[in-house]
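Asks: here's a sequence, model it:
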Amino acid sequence: MKIDTIVVGALQVNCFIAYDEDNHDAIVVDPGDEAEKIISLIEDKKLKVSRIVCTHGHFDHVGAVKRLRERTGAAVMLHKGDLDIYMRADKQGGLWDFTLSSPGA
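Replies: From the prediction side, this is the model:
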């Protein structure tokens, strides 16, 4: 198992990509922003992302979920207690003058 860390977004959030070097199965944890940067690493390493895990629903931890999910088809995992905040991440980000799409369900 290998874990790569990418620092993303204006708030410099750690995004983790954990993967098996033999079979290339991977999960992405806290894709807060810069989807293309994350996707580039995934494609460079030929990873197969099956899950996107969000430690919580704040906008700076979920900002790239929508694009990443569209690109990989991965399922999104989040504690049900954070679902309301997750679904309103675009509005929450707007309060800080950040523009992002709602990550969706």
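Asks: could you use CA atoms for every contact and neighbour count after this?
Replies: Fine.
Asks: who touches stretch 13-30?
Replies: Stretch 13-30 has contacts (Cα atoms under 8 Å, 6 or more residues apart in numbering) with 1-8, 31-32, 45-55, 60-62.
Asks: make it 7 Å
Replies: By Cα atoms under 7 Å, 6 or more residues apart in numbering, the residues outside stretch 13-30 that reach it are 1-8, 31-32, 46-55, 60-62.
Asks: ok, stretch 57-75 next?
Replies: By Cα under 7 Å, 6+ apart, the residues outside stretch 57-75 that reach it are 13, 30-35, 49-52, 54, 82-83, 85-86, 89-90, 92-93, 100, 103-104.
Asks: quick one, phi psi at the residue lying closest to Lys46 once chain neighbours are set aside?
Replies: Excluding the flanking residues, the one nearest Lys46 by Cα to Cα, 6 or more residues apart in numbering is His24, at 6.8 Å. Main-chain dihedrals, His24, degrees, to the nearest 10: phi 70, psi 10.
Asks: so how far is Asp4 from His24?
Replies: Remark: distance between His24 and Asp4 (Cα to Cα, to the nearest Å) = 13 Å.
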